[in-house]
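> could you look at this predicted model? Sequence included:
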Amino acid sequence: MVRSSLSLADLAERHRPELLAYLVRMLGDEHDAQDVCQDTFLRAQRAFARLRPDSNCRAWLYRIATRSALNALRRRSRAIARRVDVDLDGLPARVGTSGEGRVRLAAVATAVGGLPPRQRAALMLRQFHGLAYAEIATTLGGNEAAARANVYQAIKKLRAALGGSTP
Amino acid sequence: MTRDMTGHDDQVIAMLLGDAPASPALDAWLRSHAGRRELAAYQQALGAFAKIYGTIRVPRPRPTAYYCVISSPIGRVLVAATEAGLVRVSFRRSEASFVAELRERLAVEVLPSPAKTARIVHQLRAYFAGERRRFDIEIDFRHVTSFQRRVLLAATQGPAGQVVSYGEIARRIGRPGGSRAVGQALGHNPVPIVVPCHRVVAAGGALGGYTGGLDIKRKLLRIEGALAATG
């Protein structure tokens, strides 16, 4: 998606739903996601004039959204201690699982909550938003190998959360 | 982390994500007891992750107001429109405070867009040039009270280039004696010029008040008066 003659309003119309979904995944809260999305487009507005015509607008928006989300997470962790317990009912998706499956979900949810924000971002972008490692690198800064390492590290932590032996 | 890394983790992940096919060596390991166990654990972890975060409820984007800044004989004019119509006309204020006020008061996203405000901007330019007296545009009245809406609509009824008293507006909406409330409602007119509250004056011909300042009220009346003189 190249900038060409697109206005910021066009970009917002096109990409806001997926950015909102990404921000919910990053922040775990719809209200915060709305606020950070607003912040994202405010920053985008300031930077839009400097966006090169051949830029990948989508990755550019994800980069701004990620920075805004990381800032929000920093503010949040300063304001309140990070929650350790995970309330499964409060998770973004309703999970209708019981017993063993629920325990597993809770363990993975806790692990996701404990991921460093950049790893969490890389994982969400790779798994749900279809960004290539090069685009994740654009989004997070750093190179493609680092982007990939962030995704892999995150997945190793999710797997580790399930313990040494699994049935 | 209590688990021993097997040394195959990166390859297993690469295979599961579709980043790289399994090598013959990995294939062989995956057939071992440990290999099967690890593969199952990674699949469960990714499966649980997808279950929790894959199909989230995405909030509906907040509605958007698009704005544009134009220069005019009365200085800089800022206009904003939502999908429902014109929502704000402002002057004598900075772009930043205009945007901040819209975000806060209307709970909308605010983006600049000459394209989405083209119609009102075109009509305003014609108005300032003395080529247009009436505006033909939808107004988004969702953010005003029903009383204020009635007052504002009544204020659009009179002939252009002719002043009307607060009392007359009060009578038009069936509230004779409600001049004061009418004055207040007009004082908070979100779309001045388009809803011509500048044409509403005190009984006896005194100008009354104007949020934009009396000099602007005078200027607007002069623009319309000049039109009447030449037309």
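On my side now, so go ahead. Numbers count the residues shown, from 1 in each chain, chains lettered A, B, ... in the order given.

> leaving out the residues flanking it, which one is nearest to B:Phe135?
Nearest non-adjacent residue to B:Phe135, counting by Cβ to Cβ, 6 or more residues apart in numbering or on different chains: B:Val194, 4.7 Å away. For glycine as for every other residue, the C-beta is placed from the backbone atoms N, C-alpha and C.

> quick one: contacts for that neighbour?
The contact partners of B:Val194, taken as Cβ atoms under 8 Å, 6 or more residues apart in numbering or on different chains, are B:Leu86, B:Val89, B:Ile120, B:Leu124, B:Phe135, B:Ile137, B:Ile139.

> do you know the pLDDT at the fourth one?
Confidence per residue is given as pLDDT, and for B:Leu124 that number is 96.

> which element, helix or strand, includes it?
Element membership of B:Leu124 [criterion: DSSP states H and E] is helix B:118-128.

> whichever strand or helix holds A:Ala147 - contacts with which helices or strands?
Using DSSP H and E, the element containing A:Ala147 is helix A:144-160. Contacts defined by 3 or more Cβ pairs under 8 Å, 6 or more residues apart in numbering or on different chains; DSSP states H and E place helix A:144-160 against helix A:100-114, helix A:117-128, helix A:133-140, helix B:9-17, helix B:33-53.

> isn't B:Ala126 right up against B:Arg132?
Yes - between B:Ala126 and B:Arg132 there is a contact at 3.8 Å, judged by Cβ atoms under 8 Å.

> tell me which of the two has more neighbours.
Higher neighbour count among B:Ala126 and B:Arg132: B:Arg132, with 16 against 13, using other Cβ atoms under 10 Å in any protein chain shown.

> now residue 67. Nearest residue, chain neighbours left out?
All of this refers to chain A. Distances taken as Cβ to Cβ, 6+ apart put A:Arg43 closest to A:Arg67, at 7.6 Å, once the chain neighbours are dropped.

> ah, no, chain B please
Leaving aside its chain neighbours, B:Tyr67 sits nearest to B:Ala80 (4.0 Å; criterion: Cβ to Cβ, 6+ apart).

> tally of neighbours for the one you found?
For B:Ala80, the neighbour count with other Cβ under 10 Å is 30.

> for it, list the residues it contacts.
Going by Cβ under 8 Å, 6+ apart, B:Ala80 touches B:Ala65, B:Tyr66, B:Tyr67, B:Cys68, B:Leu86, B:Val87, B:Arg88, B:Phe98, B:Leu102, B:Val110, B:Thr117.

> so which of the residues you listed are in strands?
Using DSSP state E, B:Ala65, B:Tyr66, B:Tyr67, B:Cys68, B:Leu86, B:Val87, B:Arg88, B:Val110 are the members of the contacts of B:Ala80 that sit in strands.

> other SSEs contacting the helix or strand harbouring A:Leu42?
Using DSSP H and E, A:Leu42 falls within helix A:30-47. The elements that helix A:30-47 packs onto, with contact taken as 3+ Cβ pairs under 8 Å, 6+ apart, are helix A:8-27, helix A:57-79, strand B:109-112.

> I'd guessed A:Ala69 sits against A:Arg118; true?
No - the criterion here is Cβ under 8 Å, and A:Ala69 misses it with A:Arg118 at 10.4 Å.

> more neighbours: which of these two?
Of the pair A:Ala69 and A:Arg118, A:Ala69 is the one with more neighbours under other Cβ under 10 Å, namely 27 against 20.

> tell me how many other residues crowd B:Arg105.
When neighbours are counted by other Cβ under 10 Å, B:Arg105 registers 12.

> hang on, it packs against B:His143?
Yes - at 7.1 Å, B:Arg105 counts as touching B:His143 under the criterion of Cβ under 8 Å.

> where does chain B have low pLDDT?
For chain B, the stretches with pLDDT under 70 are B:1-6, B:205, B:226-231.

> related to what we said a few turns ago, looking at the contacts of B:Ala80, which is nearest chain A?
B:Tyr66 (5.9 Å; Cβ to the nearest Cβ).

> so what's the closest one bridging to?
Note on B:Tyr66: beta-bridge partners by DSSP bridges are B:Ala81, B:Leu111.

> wait, it sits on A:Leu8?
No - contact criterion Cβ under 8 Å: B:Tyr66 and A:Leu8 do not qualify, at 9.9 Å.

> overlap of the contact sets of these two?
Shared contacts of B:Tyr66 and A:Leu8 (Cβ under 8 Å, 6+ apart): B:Leu111, B:Pro112, B:Ser113.

> let me know the closest of these to chain A.
Using Cβ to the nearest Cβ, the shared contacts of B:Tyr66 and A:Leu8 come closest to chain A at B:Ser113, 3.9 Å.

> burial count for that closest one?
Neighbours of B:Ser113 under the rule other Cβ under 10 Å: 21.

> before we move on, what about the one 10 residues further on?
The burial metric for B:Gln123, expressed as a neighbour count using other Cβ under 10 Å, is 20.

> so what's the closest residue to it other than its chain neighbours up against?
Distances taken as Cβ to Cβ, 6+ apart place B:Phe135 nearest to B:Gln123, at 5.3 Å, with adjacent residues excluded. Taking Cβ under 8 Å, 6+ apart as the criterion, B:Phe135 is in contact with B:Ile120, B:Gln123, B:Tyr127, B:Val194.

> what's the spacing between B:Phe135 and chain A?
Counting by Cβ to the nearest Cβ, to the nearest Å, the separation of B:Phe135 from chain A is 23 Å.

> shouldn't B:Gly130 be within a strand?
No - counting by DSSP: H, G, I helix; E, B strand; the rest coil, B:Gly130 falls outside a strand, being coil.
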